[in-house]
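Engineer: Sequence first, then the predicted structure:
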Amino acid sequence: MGPYSQAVEINGTLFISGQIPVNPATGKIAEGGIREQTRQVMENIGAVLEEAGYGFSDVVKSTCLLDDMDNFAAMNEVYAEYYPEDPPARAAYGVVRLPLGVMVEIETIAAK
């Protein structure tokens with residue numbers, strides 16, 4: 001979708017670009033609402049983490065972008081499943097619009 005890297009690693013820190021709910025197998029946006037879209041985003045983040053040799057336990061910071069802050073609680077329920085203990089620091093923002101009209105985008109920083 002643009003001139004950027006999925007992730008960049010430097011000095012034991014992995015910076016993952018904002019992930020949107022596009023299923024990499026189909027190239028299509030996850031069907032359903034905010035829960036389904038958040039789950040796809042988290043699965044995408046997990047795939048990038050794994051490819052780079054990291055896991056969710058290595059995540060130290062997330063930034064969540066929502067097209068509607070009324071979806072925060074539902075997004076948070078799914079997000080919490082991926083961080084059952086010691087969740088990372090996080091910020092969440094409501095934005096006017098996200099790429100491809102999706103409901104959620106999450107960027108992530110992991111460190112070893």
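Structural biologist: That came in fine, so what should we check first?

Engineer: for residue 33, phi and psi?
Structural biologist: phi -100, psi -150 (degrees, to the nearest 10).

Engineer: number of nearby residues for it?
Structural biologist: Counted with other CB atoms under 10 Å, the neighbours of residue 33 add up to 11. From N, CA and C alone the C-beta is placed, and that goes for glycine too.

Engineer: Ok, residue 25 next?
Structural biologist: For residue 25, the neighbour count with other CB under 10 Å is 6.

Engineer: do the same with residue 30
Structural biologist: Applying other CB under 10 Å, I find that residue 30 has 22 neighbouring residues.

Engineer: quick one: it and residue 19, what's the gap?
Structural biologist: Distance, residue 30 to residue 19, using CB to CB, to the nearest Å: 11 Å.

Engineer: same deal with residue 105?
Structural biologist: According to CB to CB, residue 105 and residue 19 sit 7 Å apart.

Engineer: so what's in contact with the two at the same time?
Structural biologist: Taking CB atoms under 8 Å, 6 or more residues apart in numbering as the contact rule, the neighbours common to residue 105 and residue 19 are residue 41.

Engineer: Give me the residues contacting the longest helix along the chain.
Structural biologist: Ranked by residue count under DSSP state H, the longest helix found in the chain is helix 34-51. Around helix 34-51, the neighbours that count as contacts under CB under 8 Å, 6+ apart are 6-7, 14, 16, 19-24, 29-30, 55-56, 58-59, 66, 71, 74-75, 77-79, 81-82, 102-106, 108, 110.

Engineer: Number of residues surrounding the closest residue in space to residue 17 that isn't next to it in sequence?
Structural biologist: Excluding its sequence neighbours, the residue lying closest to residue 17 (CB to CB, 6 or more residues apart in numbering) is residue 4, at 5.4 Å. Applying other CB under 10 Å, we find 9 other residues in the vicinity of residue 4.

Engineer: cool, and residue 45?
Structural biologist: 23.
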